[in-house]
Structures are given as C-alpha cells and as structure tokens.
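following is a predicted model, sequence given first.
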Amino acid sequence: MNTRKLFALIISIVLTLPCAVTAQTSTAITPVVSISPPLFPVGQRSSLFITVTNGNPTSSANIANGDSFSFTFGPASGSGLTLESPVLVNASSLGTADFAVVMTAANQVRVTYQGASRQFRAGESFAIKLSLMAPSSMGSGRVIAQGPASKSGGRFNEVMPAISSISFVNFPVGPKGDKGDKGDKGDQGLKGEKGDEGDTGEQGPKGDKGDTGNQGPKGDKGDQGEQGIIGPVGPRGPGGMRGFQAFTSNATFIVPEGVTVIAVEMWGGGGGGGNSGLSNFSSECSCFLSGAAGGGGGAGGYTRGFISVTPGQVLQITVGAAGAGGLISFGIFASPGTDGGDSRISDAGGTVLLSAGGGKLGGKGGNGGGSPGTGGAGGTGDQSMAYINGDAGETGSGSGGAGGQPYLSRARGGVGGGPTSSLVTANLGSAGSAGFVLISY
C-alpha cells in the first residue's frame, strides 16, 4: 500500500471516530489530534501518523500564516524519532506546499502553516508520518500536543486532547492470518549408472574372516502424510481509544458499549485571591499607611489515571468550582473568599474513583503598615495515580500577589487585591479559575 492510500485510510478512520467533546458554540477551529496506530511492538522501529482534524462543525475561521502545532514525545515514549513524510493534506483549499514540518528537538516535531489565510473547514485535516524505536519492555508513553489557540486572536480553540497515550506491547498488534497450504513435493533426482562388473578371477585359498562390511545405503524417504486440520483463528488484539468528552461543570457520564477502560485527566479549581488590608493612621509618622496587598490563590492540582468500567455504567462527574476572591467593606468581611473546589469522579454508590484537589484561598493583607498576605497553597493531585500538585500563590506585592500556575495552564489561582489607602474598603482579590475533567475511551 503506497503512502497516499495509507493516508486516505487513516483519514477515513479519524472521520468516523465519535466526537463526544464539549459542545462547540463558536466559529473557531477546534484541532482534534489522533495517533494511529496507538500500539507498538517492543524493541522494534515502527511508523505512526499524527493527524489534526477540525472537529467543530460550526467553524468558519481561517488558518493563517505562522499558525503552528507542536507534538512532544515524553521521556518514556521511545527514541530515535524520525520524520518520514511531508505534511499530508486533506482539504479543499489547502495543499502540501502550504505547510512546513521540522524536527525542533530529538523528541519534538513542529508543523507550521505558511500559506495565505484560508478557511480550514470542519472535517478537513492534515497529517505527518513519523517513526520511532519502541522501548525494549512493555509500558506506556505520552504525546503532548500544543496549538496556536493562545496566539490566534480567537480563531482557534484549545487542542483536544492535550495529551495522547501510546503503548508498547509484547503481543501481536493485529489478528494473525490463516496458515497457507503446503506446496507439492518435488520430484526425486535420477539415480546414477552402475559401473561394469570385472572378470571373475581364480579362486584363491580361503582367507581369514574379514571385517564387518559397511552399512548399506539408506532407503528412499516415504511420501509425506496429509496435512492436519487448520486450527481456529486467534483472538483479535485490543483496539485503541475511540473518543473523548470534556466537562466544565458537574454532569454524569454513561460508559459507551464495548468500553471497559477509560483514561481520565482532571484539575481542581483555583483558589481565590486574598483581599488587601485597610489603611490606618500611624502616630509615628503622623500619616496614613496603605493596607498591604493580598496573597494570590493556589492553583488546582492535576491527576491522570485509568479506571476499569463496564458498558452502561453511570459515573458522577464533579468539576471543582473556582475559588472566590476576598473583600472587606466598611471594616467587615463582605465576602471572605473561598478555596477552589475539588474535582472528582465517583461511581453510582458515591465511591470516589479519582480526584484532584482545589487550590487554597490567598491570605489577607495586613492593615496599614502590616505584612502582605501569603499565597494560598496549591491543590494536591491523587497520589494513587500520576499527579502534579498545583503551584502555591505568591505573597502579596505591587498590585497583589500572583495566583499559582497549574499544569498545562488550567485552574489558575486568583490574583490578590492590591494595596489600598482606603479606611473602609479593601481591594478585592480576583476569583480563581474553575476546574476541568477530560475522559478518553
């Protein structure tokens, strides 16, 4: 099968995948990343395709010169990454010459659009072919995808999913074919001619008993028996991920038919920023001292793991709420602020299967001449799985302590309130970012 036919097959597979993602309400491009195949035999060099498809059916935005996509293979994701093709394009108004692809590091490849601004329609796609050397033992790796969403002025949504899994296995990655029939036995070669017999000599005296003669030649090999019955075809190898669904608010998830394992990524909500202190009159300097800045809220924690499920099972999805910023008005707490909420996934009986903690509220700044508020602690991930704790917020300074930074820029902590010269109303700390849950199956 040549490269063009193989690419067409990959595109047809991608376009039939379920698109159970968050509903698209904008006209921006939603880059949906797929890796095919997702399974690789250990200790061998194998090829793969990375395909980017516009998954938003209401999209009308253009792809513009300089828009780029990068794909970074994690440390456990094989070695010797090699680019094996130019960019392969399946779009009505775009072509291979409109894209450039380069290896920017030993484990990273970048695709950049270099043509005129044109519409990248829903369902259109481009792909690259790579190869890598799989590790010598079984395991799993990850590929982190990044798109131009933050620099596109609203033309692009975030890449979905941000992280894709690949696996290295020691069993066949496809069904074994039937054994072919045995070929016919070849003809036996011709026997050589016997030499002429010599004349009989005179009988001599009886001699001593001679030594045992050499063993005679081995007889011809018999015909081979009939072939036995062909055994049954072995079981089909496991399939890869078929779809994913993102959650930004509480909901339920019903496990689709044929799904027995789901991959879950989640972030807890970011904590709110602390409010500033109030201004006080100081007798030492006969002046009013400004209230100190509030501390930034902590970022939400991150957790990633796999959960065994059964088709039709109902799971409860809780998305951590954003922490509110603190506020003091006329010397009393008008809104004391809150921690970010925990994100979690539970079964029908309420048992928590996976969770990610919310960031903590930033500290209040001291009144006139007092100390700035301390930053809130970052949320913790579920330590029974792969996790990354959120960064703590920064101590109040300048215009307020900065909120903590989370993994992949989700669930940030709120910014603390800046210093104030008011005697009755402190500056409000900003709210943190809400949590996020992504299920792939």
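Great, that's in hand.

which residues touch the nearest residue to A149 once chain neighbours are set aside?
For A149, ignoring the flanking residues on the chain, the nearest one in space by Cβ to Cβ, 6 or more residues apart in numbering is F156 at 4.4 Å. Quick note: C-beta positions are derived from backbone N, CA and C, even for glycine. Counting by Cβ atoms under 8 Å, 6 or more residues apart in numbering, F156 touches 28-31, 61, 67, 147-149.

change it to 6 Å
28-29, 147-149 (Cβ atoms under 6 Å, 6 or more residues apart in numbering).

what's the answer for S343, then?
By Cβ under 6 Å, 6+ apart, the neighbours of S343 are 266, 268, 319-320, 356, 435, 437.

in the sheet, who's paired with it?
Under DSSP bridges, the beta-bridge partners of S343 are A356.

looking at the chain, which helix or strand is least sure?
Here the helix or strand of the chain ranked lowest by mean pLDDT, DSSP states H and E is helix 3-15, holding a mean of 44.

packing partners of the helix or strand just after it?
The element immediately downstream of helix 3-15 (helix or strand, assigned by DSSP states H and E) is strand 31-36. Applying 3 or more Cβ pairs under 6 Å, 6 or more residues apart in numbering; DSSP states H and E, one finds that strand 31-36 contacts strand 45-54.

who wins for neighbours among the contacts of F156?
I29 (29 neighbours; other Cβ atoms under 10 Å).

look up how far F69 lies from that residue.
11 Å (Cβ to Cβ, to the nearest Å).

let's have the contacts of S343 in CSV, adding pLDDT.
Shown next, in CSV, are the contacts of S343 (pLDDT from 0 to 100):
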residue, pLDDT
M266, 95
G268, 91
V319, 96
G320, 93
A356, 93
G435, 90
V437, 94
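
dump the residues you listed into TSV; add secondary structure and distance to D184 as well.
As requested, the contacts of S343 are exported to TSV (DSSP: H, G, I helix; E, B strand; the rest coil; distance: Cβ to Cβ, whole Å):
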residue	secondary structure	distance to D184
M266	strand	64
G268	coil	71
V319	coil	69
G320	coil	72
A356	strand	67
G435	coil	70
V437	strand	63
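
any regions of this protein where pLDDT drops low?
1-25, 174-177, 180, 234-240, 328-336, 401, 413-414, 416-417, 423 (pLDDT under 70).

can you rerun that using 90?
1-26, 149-154, 171-204, 206-242, 270-301, 323-338, 359, 361-432 (pLDDT under 90).

show me the beta-bridge partners of G141.
Beta-bridge partners, per DSSP bridges, of G141: I166.

re the thing from before, name the nearest of the contacts of F156 relative to G379.
Distance to G379 across the contacts of F156 (Cβ to Cβ) is lowest for A149, with 23.7 Å.

my read is that that closest one contacts M160, right?
No. A149 is beyond contact range of M160, at 10.5 Å (criterion: Cβ atoms under 6 Å).

can you show me the strands along the stretch 201-350 of the chain?
244-247, 251-254, 261-267, 280-282, 287-289, 302-308, 314-318, 327-329, 332-335, 343-346 (DSSP state E, counting those that start in this stretch).

would you list these in TSV and tack on distance to V169?
Shown next, in TSV, are these (distance: least, Cβ to Cβ, whole Å):
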stretch	distance to V169
strand 244-247	22
strand 251-254	27
strand 261-267	14
strand 280-282	67
strand 287-289	67
strand 302-308	15
strand 314-318	27
strand 327-329	55
strand 332-335	54
strand 343-346	27
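
right, and those - which one's nearest L361?
Nearest of the strands of the stretch 201-350 of the chain (Cβ to Cβ): strand 332-335, 11.1 Å.

picking up where we left off before, could the contacts of S343 be laid out in TSV, adding distance to S282 and neighbour count?
Output for the contacts of S343, formatted as TSV (distance: Cβ to Cβ, whole Å; neighbours: other Cβ atoms under 10 Å):
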residue	distance to S282	neighbour count
M266	48	33
G268	41	39
V319	46	23
G320	41	32
A356	45	35
G435	43	34
V437	50	26
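
distance to S421 added to the residues you listed, as JSON lines?
Listed next are those as JSON lines, based on distance: Cβ to Cβ, whole Å:
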{"residue": "M266", "distance to S421": "42"}
{"residue": "G268", "distance to S421": "35"}
{"residue": "V319", "distance to S421": "39"}
{"residue": "G320", "distance to S421": "35"}
{"residue": "A356", "distance to S421": "40"}
{"residue": "G435", "distance to S421": "36"}
{"residue": "V437", "distance to S421": "43"}
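
list the residues that contact T420.
276, 291, 426-427.

what residues are bridge-paired with it?
G291.

same thing with F99?
Beta-bridge pairing for F99 (DSSP bridges): Y113.

contacts only, for it.
87, 111, 113.

check which helix or strand covers the second one.
This means V111. Using DSSP H and E, V111 falls in strand 108-113.

what pairs with the helix or strand following that strand, and is each one parallel or antiparallel?
Sequence order places strand 118-119 as the next helix or strand after strand 108-113, per DSSP H and E. Using DSSP bridges, strand 118-119 pairs in its sheet with strand 62-63 (antiparallel).

can you name the next helix or strand after the partner strand?
strand 68-73.

now that next one - C-alpha only, CSV.
Only the C-alpha atoms of strand 68-73 are listed here, as CSV (Å, rounded to 0.1, in the frame of the first residue of the first chain):
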residue,chain,number,x,y,z
SER,A,68,1.9,26.2,14.2
PHE,A,69,1.3,22.9,16.0
SER,A,70,4.0,21.1,18.1
PHE,A,71,4.0,17.4,19.2
THR,A,72,6.3,16.5,22.1
PHE,A,73,7.0,12.8,22.9
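
quick one: which of the strands of the stretch 201-350 of the chain is nearest M385?
Comparing the strands of the stretch 201-350 of the chain by Cβ to Cβ, strand 302-308 comes nearest, at 3.2 Å.

circling back to that earlier point, phi, psi for the residue nearest to A149 please.
Dihedral angles of F156 (phi, psi; degrees, to the nearest 10) stand at phi -120, psi 140.

which strand residues bridge it?
Here F156, judged by DSSP bridges, has bridge partners I29.

tell me how far it lies from G297.
In terms of Cβ to Cβ, F156 sits 28 Å off from G297.

same check, this time on G376
5 Å.

ok, C287 next?
Taking Cβ to Cβ, one finds C287 at 32 Å from G297.
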